[in-house]
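*Asks:* predicted model and sequence follow; I will ask about them next.
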Amino acid sequence: MGSPEFAIPTLSTLIDSKHEVVACFTQAAKPKNRGKKAKATPVEELAREHNITVYTPKTLRDDEIVKTIQDLHVDFIVVVAYGLILPENILSLAKYSALNLHPSDLPQFRGAAPLQRTIMSGAIESKICIIKMLAALDAGPIYTAQELNVAKLNYGEFHDLAANIGAKLMLEVINDFSCLKPVSQTNHNISYAHKISKTEALIDFTQNGTDILNLIRALSPVPGAYFLHKELRLKIFSAEFEITTYNEQIGKVNDDFSIYCKDGLIKPKIIQKPGKKPVPIAEFLHGNQKQNYQA
């Protein structure tokens, strides 16, 4: 059970293993852009390439869906970024366990956006976990976990590493399941990684530089952290921070496009104008007349 590109390494690994993927459940096809034909999820596309039966229910709280899964007689239900809530009566249909790949140091950042929230928090280390699914969100015991240094990763890099490491761990858990004893999560330091809102992508230069850099990394390459200049939305995908004292207005942009924040200067390295591709700051400055920008 999965939908986006994040689930592809796990599905590919299981397809190539000695195990049989008897079915794939994924979200229904959605229009890719306004007015365009509905596009299947990456999971559906890969499953159909391998002649795996695909189901796209809008909800799992349906007696017919429960009966369908029951009739599959599955040993495991493997869930990676599916997007639908699995009710308890479906979790119980797996002979051995319903397994979930979760990319955070649980019980921190349970929920929808663990990758982004981990980076935003300024975490140095995180973990890729395989857990037993329970009715409570991401609260199940942990079968295995692998540490990962995330101090310099952006969202895209963390996403790809977590997806590939998680695929390897998932297969290891299934192969060695009879030997594993899951460890319960602690009840301390529980936090929730709520979905990223559109308003969060707007950079607040009254914050300190470290927090701004973490936001930029957490939203790169999508959706991209941005600021507004005369209603023009400029996205920053990579930047450096220089601690300095100054007597300028917060948000003022210098000729080299460094921007004053609470405790120094944000120096963009990769920037994007609306409708254009992201480019290095030198190329951006070369193609734009220097102005008295104000963030």
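*Replies:* Nice, thanks for sending it over.
*Asks:* and stretch 15-30, how far from the chain's centre?
*Replies:* In terms of Cα atoms, centre = their mean, to the nearest Å, the gap separating the centre of stretch 15-30 from the centre of its chain is 20 Å.
*Asks:* hmm, I typed the wrong one, I wanted stretch 111-125.
*Replies:* Distance, centroid of stretch 111-125 to centroid of chain: 9 Å (Cα atoms, centre = their mean).
*Asks:* what's the answer for stretch 102-112, then?
*Replies:* 11 Å.
*Asks:* please apply the same query to stretch 7-27.
*Replies:* Its chain's C-alpha centre and that of stretch 7-27 lie 20 Å apart, by Cα atoms, centre = their mean.
*Asks:* in it, what's buried?
*Replies:* In terms of neighbour count (16 or more other Cβ atoms under 10 Å), stretch 7-27 has its buried residues at 7-11, 13-15, 24-27. To be clear about C-beta, it is placed using only N, CA and C from the backbone, and glycine gets the same treatment.
*Asks:* and for stretch 94-103?
*Replies:* For stretch 94-103, by 16+ other Cβ under 10 Å, it's 94, 97-103.
*Asks:* list just the nearest of those residues to residue 179.
*Replies:* The shortest approach to residue 179 among the buried residues of stretch 94-103 belongs to residue 97, at 13.5 Å (Cβ to Cβ).
*Asks:* quick check: beta-bridge partners of the closest one?
*Replies:* On the basis of DSSP bridges, residue 97 is bridged to residue 76.
*Asks:* quick one: residues contacting it.
*Replies:* Residues near residue 97 by Cβ atoms under 8 Å, 6 or more residues apart in numbering: 76-77, 132-133, 177.
*Asks:* could you redo the last one with a cut-off of 10 Å?
*Replies:* Applying Cβ atoms under 10 Å, 6 or more residues apart in numbering, we find residue 97 in contact with 75-78, 91, 130-133, 140-141, 143, 173-174, 177, 180, 182.
*Asks:* just checking, which of those belong to strands?
*Replies:* 76-78, 130-132, 143 (DSSP state E).
*Asks:* among those, which pair sits farthest apart?
*Replies:* When these are compared pair by pair using Cβ to Cβ, the maximum separation belongs to 77 and 143, at 13.8 Å.
*Asks:* now do the shared contacts for the two.
*Replies:* The contact sets of residue 77 and residue 143 overlap at 97, 99-100 (Cβ under 10 Å, 6+ apart).
*Asks:* if we can go back for a sec, can you redo the ones in strands among the contacts of residue 97 as CSV with neighbour count, pLDDT and distance to residue 36?
*Replies:* Rendered in CSV, the data for the ones in strands among the contacts of residue 97 read as follows (neighbours: other Cβ atoms under 10 Å; pLDDT from 0 to 100; distance: Cβ to Cβ, whole Å):
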residue, neighbour count, pLDDT, distance to residue 36
76, 17, 98, 36
77, 23, 98, 32
78, 27, 98, 31
130, 26, 98, 36
131, 26, 98, 37
132, 19, 98, 39
143, 23, 98, 41
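*Asks:* can you put those in CSV and add distance to residue 199?
*Replies:* Output for these, formatted as CSV (distance: Cβ to Cβ, whole Å):
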residue, distance to residue 199
76, 39
77, 35
78, 34
130, 33
131, 31
132, 35
143, 37
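*Asks:* from those residues, which is closest to residue 39?
*Replies:* Each of these was checked against residue 39 using Cβ to Cβ; the closest is residue 78, at 23.2 Å.
*Asks:* hmm, the closest one is touching residue 17, no?
*Replies:* No - taking Cβ atoms under 10 Å as the contact criterion, residue 78 and residue 17 are not neighbours in contact, 11.3 Å apart.
*Asks:* who touches both of those two?
*Replies:* 170-171, 174.
*Asks:* from those residues, pick the one nearest residue 212.
*Replies:* If you rank those by distance to residue 212 using Cβ to Cβ, residue 170 comes first, at 35.2 Å.
*Asks:* and whichever strand or helix holds that closest one, what does it pack against?
*Replies:* With the criterion set as DSSP states H and E, the secondary-structure element containing residue 170 is helix 155-175. Using 3 or more Cβ pairs under 10 Å, 6 or more residues apart in numbering; DSSP states H and E as the contact criterion, the elements in contact with helix 155-175 are helix 8-15, strand 76-79, strand 97-102, helix 114-120, strand 125-132, strand 142-149, helix 209-218.
*Asks:* what sits closest to the residue sitting nearest the centre point of the chain if chain neighbours are left out?
*Replies:* Using Cα atoms, centre = their mean, the residue of the chain that lies closest to the mean C-alpha position is residue 115, 4.6 Å off. By the measure of Cβ to Cβ, 6 or more residues apart in numbering, the closest residue to residue 115 outside its immediate chain neighbours is residue 158, 5.1 Å from it.
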